[in-house]
Structure formats: C-alpha cells, structure tokens
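[1] I'd like to go over a predicted model; first the sequence, then the structure.
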Amino acid sequence: MSAATGGDIISLAPGNYGELSISGKNYTSFVTIRSVNPDDRAVFTSLSVANSEFIWIEAIHMDSPSNGFMGGKFLHVLNSNNVQIINSEVNGLVDGTYYGSTGIYVEGSNDVTLTNNHIHDVRVGIIAFSGQNLTITENLLDYLASNGFKFGGVTNVLIENNTGGGHIYPNSTDHVDFIQFQGSGTDVIIRGNVFLAQTTERSQGIFLDDSTFTNILIEQNIVYSGKNRAISVSVGTGIIVQNNTVLATPNLGQKAALILVPSGSVIENNILSTYEGKLQGSNVVAQWDDVTDVYHYDTLFLNAMAGLGITLNDLRPVAGSLAETKGAVNRLMELLDGIEPPVEPPVEPPVEPPVEPSPEITMPYTTGPHAFDGNTSSAVVVPHDLAFEIAAGSIEVRFTPLSLSARKGILSKDASGFVNGGHVGILAEQGNLVVRLQSTSATYNADVAGVIVPDIEVHVVLTFGPGGMKTYVNGLLAASNAYTGGLIGNTEPMCIGANIWGSAAGTSEPMVDPFNGTIDLVSIYDKELTETEIGILAGIIVEQTPEERIAELEAEVAALTSQLEVALLEIVELNARISAAQAALEG
C-alpha cells in the first residue's frame with residue numbers, strides 16, 4: 001500500500017493474510033485490493049480503513065476467528081472518503097453465537113459504497129454514523145443477534161435492494177429492527193429492501209426514531225414480521241411512504257403491521273395489515289384472522305399465512321387481486337422472476353367493505369375472560385366501532401391483579417393528547433384505581449385510593465353522561481366528578497390489558513403499562529346503570545326472577561292469611577268470653 005499510486009490494482013492469491021490496517025493513505029483515484037479468484041478468496045481476520053481516501057476492496061473474505069466483543073467492529077471505516085467495499089463476505093466465528101462485534105461499521109466517512117456483501121454471524125450487520133453520500137445496496141445480512149442496519153446523522157443515503165435473511169437470535173431484552181435510524185437522516189431513499197422473519201417475530205421493520213428526519217422516501221419494501229411498527233417515522237417533514245408491503249405474522253407477536261408517520265406525510269398504494277380488512281384511501285389493509293371477511297391474506301397472496309419461515313413465493317399475488325397492483329409488487333415480481341407461479345391460485349371473494357359501515361357491535365358489548373403476562377404482546381386490542389361512541393353509558397370491568405408494581409393498564413381507549421375528546425382509561429397504580437375521561441381540552445378523574453390488592457378480584461363500574469362521572473367499586477359508589485361528557489368523538493381502538501394514552505391517533509402503539517393478571521370481564525353499556533343494577537352486577541344485591549318474586553309474594557300472602565286466621569280465632573274467643581261475662585252480670 002505504501003508504494004501504490006492512484007489507479008493501481010493489488011490482486012491477491014488465495015490464502016490467509018491476517019489483519020489488514022489501512023491508515024493515512026490518501027490517493028487521487030482508487031487503489032483496488034481484490035482477490036484473483038472470487039471463488040477462492042483472499043482471507044483477512046480483521047480489516048480497517050482510517051483517515052484514507054480512494055480505497056476499493058473487492059471479493060475478499062473477512063473471516064474472524066472469534067465472535068469479537070460488544071462495541072467491536074470486524075470491518076471498520078473511520079474518517080475516510082471514497083471507500084468502496086463490494087462483493088465481499090464478512091463474518092465472526094461461525095459457531096452459533098451471535099453476540100459480539102458489528103459486521104461493517106462506517107463512521108465519520110463520506111462517499112462510501114457497500115454493495116453485494118454477505119454479512120453473517122455478527123451482532124449487528126451494518127452501522128453507519130455521521131456521514132454523507134452513502135450507498136448501501138444489494139447486501140445480504142443474516143444470522144444476527146440484533147439489528148440488520150443502523151444509521152444516524154447521515155445525509156444523502158441510498159439503502160436499496162438489501163435482504164435481511166430473517167435468522168435473528170436476540171436475547172430477551174434486545175430491541176430488534178431490520179433498518180433502524182437512531183439519529184437524524186436527510187435526503188434518504190429506502191427502497192426495495194426485504195425482510196422475511198424466519199426464527200423470531202420480534203424484529204420491527206423500518207424504524208426511524210430519536211431525531212428529526214427530512215425528505216425520506218420509503219418505497220417497494222417488503223416486511224413480514226410480528227411487530228406493529230412495520231414502517232415508523234417519529235418526527236419529520238417530506239416523508240413519502242408508497243408501494244410497500246408490510247404484513248404481520250399470523251398468531252404470533254402483535255396482530256398488526258402498521259405504517260406510522262407524522263401528520264402531513266404521503267402514504268399511498270401500500271399493503272399493510274391490521275384487525276379488519278378494508279380500503280384506506282389508496283392503501284389496502286389486509287387481515288389474517290377472519291377468512292370470511294374481506295382482504296384476508298388468502299385472497300391477496302398465495303400463502304401469506306405461512307408464518308415464520310415464509311418465502312417470497314408465498315407472497316405471490318393472487319390473480320385478479322389488488323396485490324397485483326398495490327404494495328411492493330414491482331420489487332416482488334422482480335425477485336420472483338424465474339420462479340414458477342402456482343397453477344390454480346385462490347380466487348378473491350367479490351365482497352367489498354362498505355364505505356361507512358354501520359355499527360357491528362351491539363350493546364351491551366362484553367368480552368373476557370383474558371389472561372395477561374405483564375408484556376404488551378398479551379394485550380387485547382379491539383378495533384373502534386361506531387357503537388362505542390356513546391354520550392351516556394357505563395363501563396364494567398372485573399379483574400384480579402398479580403402485582404401492584406408501577407402502573408397497569410386495565411382498559412384504555414385513548415391516544416396522545418385530546419384529539420377529538422371522549423378518551424377513557426381505567427388503570428391500576430400501586431394499589432390505587434385511576435379512572436379518567438377526557439374532553440377535547442381537559443382530563444377528568446374519579447379515582448379511588450387503596451382498593452386494589454394482589455390476588456383479590458375487584459369489580460369496577462364507571463358511569464358517565466348527564467348524571468356525571470361516577471366510579472363504583474364492588475357495588476358501592478366510591479368517587480364522582482361533575483363532568484357530564486361521554487365517549488363521543490373517540491375513534492381510537494380499545495386496548496384491554498395495557499395503556500395506549502400515548503399512542504398515535506388511530507393506532508394502539510406505543511403500548512405501555514402492561515397488565516399482569518386476569519381481566520375476567522369487560523362490558524360496555526349504552527346507558528347509565530342505576531345503583532341497584534350495579535349492586536346486582538357486583539353481587540351485593542340478589543336479583544330475583546319473576547317466578548321467584550311471585551313465590552315470595554305468595555309466601556307472604558300465606559303468612560298473612562295464617563296470621564289473620566289466628567286473629568279471627570282470637571276475636572271469636574274474646575267475644576265468647578265477653579258474652580259469658582255479660583251473662584254472669586245479668587244473673
């Protein structure tokens with residue numbers, strides 16, 4: 001390298017060359033290091049490029065003899081410009097242990113290209129912080145402990161046609177993403193990337209958080225996993241999300257794969273999944289749990305119900321379905337080129353959802369019992385229904401907590417801020433019962449202190465409407481508030497077993513304060529229950545059937561009749577005694 005000049009090519013014969021450290025080498029054009037035989041590559045045990053310029057590395061194998069360590073970098077590019085790493089393989093020790101160093105780590109560097117590399121048996125695939133003009137394309141990342149890609153503080157970035165192989169092995173506390181931004185991004189294109197979960201449903205999809213993002217285009221990506229945040233941008237402007245296919249793993253993980261972006265963003269022609277099939281503007285919302293409902297997975301894709309281990313061919317569009325024109329169909333068909341299609345695909349039912357569905361839920365609405373393990377994944381989310389928008393009504397819950405640590409969400413039909421009002425929440429907070437309603441500008445509480453005890457069932461009823469806000473515990477009035485508002489305007493989903501008061505409007509994420517225990521009953525009534533009705537529900541007042549009441553009255557009549565007969569006999573006897581006394585006086 002010391003003798004090299006711009007334009008030189010250093011061709012390496014097969015063999016192990018140990019550690020390669022390139023530092024302080026600044027050329028006027030590329031110096032290339034490459035294997036003579038791409039099928040029998042030159043091997044390095046570590047590789048670094050620091051404070052250098054115009055370095056091209058091609059068709060090498062960076063094969064570490066160890067797993068590395070947390071914070072380590074197998075291939076490190078530091079404070080360098082015009083660096084290309086292409087057609088290479090990077091891995092830690094291949095021993096089934098994935099916790100250690102990162103595959104490729106780029107920091108403080110500009111005009112860097114990573115193309116067609118295979119990175120495996122590492123903790124994180126590729127990390128790039130603090131750089132501009134980055135091209136990350138056609139890479140395969142597989143057999144990882146955590147994230148596929150991680151970025152932050154980057155500008156003018158192309159992340160295109162990369163594949164997450166889906167073999168992820170996180171520990172119980174890992175936050176896992178396919179593509180994560182943990183810092184700012186400006187002028188970023190995320191296009192044509194594919195992640196299909198193989199070993200775990202725990203990976204989120206494309207997740208941009210912890211900063212502000214500007215001019216982000218996300219298109220033609222395919223994500224199949226078990227987390228709600230399939231595509232998520234926390235804060236930013238100029239956000240366009242179009243022609244993506246994001247699907248939740250059926251019966252595993254969270255039930256929806258959502259697109260969550262700031263207000264004012266463009267969301268067009270995507271296929272996402274949630275609790276009910278419908279059209280949402282130009283987007284198709286698929287669902288997997290009701291084969292009789294519209295836009296079930298089977299009506300859109302060959303075998304999207306496959307779950308973990310799914311293949312691209314499983315996502316082949318059903319002939320005549322919207323999956324032939326929506327979502328990441330262009331990228332999918334490009335990848336499927338040469339794979340034989342099925343001979344007789346399923347036929348999509350010709351049923352379409354109404355534009356404005358009438359309420360499908362009748363009152364009283366009741367669900368339960370449900371068991372919760374203290375994780376948000378066990379929470380139950382009920383989609384909003386027009387029937388829930390009531391001005392006066394009652395909410396009944398019967399629950400048994402296993403612990404009182406921190407706050408626990410029991411029922412939450414809520415979102416961040418006030419939105420259109422009508423939000424409601426019932427929570428347990430270290431032995432105290434928190435009951436709240438919101439208008440469009442204020443929060444109203446009818447809380448009760450010290451009534452929640454571990455392993456003891458509690459019965460709670462909240463009534464609301466013209467009679468004010470009242471909280472009953474175990475059948476007795478325990479708190480009240482003069483607020484007379486109800487649930488009108490609340491179009492949020494209802495979460496049972498967690499708290500969604502910080503969620504984005506119209507979604508159940510983020511979900512916090514998971515419940516640990518059982519919630520045996522949740523009922524919603526479209527009227528304000530009376531104290532007698534609440535007492536009956538709580539079991540402190542015994543309700544009689546009409547037959548039981550008639551029998552009781554007949555017994556009372558019989559008892560009174562008997563008493564009357566005794567009284568009449570006593571009167572007869574008394575009259576006889578009076579007559580005898582009068583006769584004695586006259587004699």
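    All right, it came through fine.

[2] quick one, helices of the stretch 1-150 of the chain?
    For the stretch 1-150 of the chain, no helices are identified by DSSP state H, counting those that start in this stretch.

[3] any weak-confidence spans in it?
    Within the stretch 1-150 of the chain, no stretch has pLDDT under 70.

[4] show me the shaky parts of this structure.
    Applying pLDDT under 70 to the chain flags residues 338-363, 542-546, 548-549, 562, 566, 587.

[5] need the longest helix for it.
    What stands out as the longest helix in the chain, according to DSSP state H, is helix 546-586.

[6] chain center to that one: distance?
    With Cα atoms, centre = their mean, to the nearest Å as the basis, helix 546-586 stands 76 Å off its chain's centre.

[7] also stretch 271-281?
    Chain-centre distance of stretch 271-281: 15 Å, with Cα atoms, centre = their mean.

[8] and it, how far apart are its ends?
    With Cα to Cα, to the nearest Å applied, stretch 271-281 spans 11 Å between its terminal residues.

[9] list the buried ones in it?
    Ile271, Leu272, Ser273, Thr274, Tyr275, Glu276, Gly277, Lys278 (16 or more other Cβ atoms under 10 Å). All C-beta spots, glycine's among them, are computed from the backbone N, C-alpha and C.

[10] can you tell me which of those residues are in helices?
    Per DSSP H, the subset of these in helices is empty.

[11] between those, which is nearest Gly320?
    Minimum distance to Gly320 across the buried residues of stretch 271-281 is 15.3 Å, recorded for Ile271 (Cβ to Cβ).

[12] now the closest residue to Gly475 other than its chain neighbours: how far from Lys527?
    In space, and not counting its chain neighbours, Gly475 is closest to Ala538: 3.0 Å by Cβ to Cβ, 6 or more residues apart in numbering. Separation of Ala538 from Lys527 (Cβ to Cβ, to the nearest Å) stands at 17 Å.

[13] and these two? Which one has more around it.
    Remark: of Ala538 and Lys527, Ala538 carries more neighbours, 18 against 14, as counted by other Cβ atoms under 10 Å.

[14] would you agree Val90 is in contact with Val124?
    No: using Cβ atoms under 8 Å, Val90 makes no contact with Val124, being 11.7 Å away.

[15] between the two, which one's more packed in?
    The neighbour count for Val90 versus Val124, taken as other Cβ under 10 Å, is higher for Val90 (28 against 25).

[16] who are the contact partners of that one?
    Counting by Cβ atoms under 8 Å, 6 or more residues apart in numbering, Val90 touches Met62, Phe74, Leu75, Gly103, Ile104, Asn117, His118, Ile119, His120, Val122.

[17] narrow these to those that are buried.
    Judged by 16+ other Cβ under 10 Å, buried ones among the contacts of Val90: Met62, Phe74, Leu75, Gly103, Ile104, Asn117, His118, Ile119, His120, Val122.

[18] give me the subset of these that lies in strands.
    Of the buried ones among the contacts of Val90, the ones assigned to strands by DSSP state E are Met62, Phe74, Leu75, Gly103, Ile104, His118, Ile119, His120, Val122.

[19] for the residues you listed, which one is nearest Asn26?
    Among these, Leu75 lies closest to Asn26 (Cβ to Cβ), at 19.8 Å.

[20] any idea how this structure splits into domains?
    Per the record, the chain has its domains at 9-336, 365-538, 545-587, by automatic domain parsing.

[21] quick revisit: taking the buried residues of stretch 271-281 one by one, which sit in strands?
    Per DSSP E, those map to strands at Ile271, Leu272, Ser273, Lys278.

[22] ok, the second one touching Val261?
    The reference is to Leu272. No: using Cβ under 8 Å, Leu272 is not in contact with Val261, being 11.7 Å away.

[23] tell me which residue lies nearest the centroid of this structure.
    Asn228 (2.8 Å; Cα atoms, centre = their mean).

[24] please tell me how far it sits from Gly92.
    Relative to Gly92, and taking Cβ to Cβ, Asn228 is found at 31 Å.

[25] ok, Leu476 next?
    Distance from Leu476 to Gly92, by Cβ to Cβ: 63 Å.

[26] of the two, which one has the most company?
    Gly92 (27 against 13).

[27] wait, the more buried one touches Thr102, no?
    No: the pair Gly92 / Thr102 is not scored as a contact, 9.5 Å apart, by Cβ under 8 Å.

[28] can I assume Thr299 sits in a helix?
    Yes: Thr299 sits within a helix when classified using DSSP: H, G, I helix; E, B strand; the rest coil.

[29] gap between it and Gly320?
    10 Å.

[30] neighbour count for the two, which is higher?
    Here Thr299 and Gly320 are compared on neighbour count by other Cβ under 10 Å; more neighbours surround Thr299, at 23 against 12.

[31] surely the more buried one meets Ala319?
    No: the pair Thr299 and Ala319 fails to qualify as a contact (Cβ under 8 Å) at a distance of 11.1 Å.

[32] how about JSON lines for the ones in strands among the buried residues of stretch 271-281, with distance to Glu586 added?
    Listed next are those as JSON lines, based on distance: Cβ to Cβ, whole Å:
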{"residue": "Ile271", "distance to Glu586": "113"}
{"residue": "Leu272", "distance to Glu586": "109"}
{"residue": "Ser273", "distance to Glu586": "107"}
{"residue": "Lys278", "distance to Glu586": "103"}
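
[33] what's the closest of the residues you listed to Glu570?
    Looking across those and measuring by Cβ to Cβ, the closest to Glu570 is Lys278, at 79.6 Å.

[34] surely the closest one touches Ala286?
    No: using Cβ under 8 Å, Lys278 is not in contact with Ala286; the gap is 9.4 Å.

[35] mutual contacts of the two, please.
    Common neighbours of Lys278 and Ala286 (Cβ under 8 Å, 6+ apart) are Tyr295.

[36] just to revisit the earlier point, joint contacts of Gly92 and Thr102?
    With Cβ under 8 Å, 6+ apart as the test, Gly92 and Thr102 both reach Phe74, Val122.
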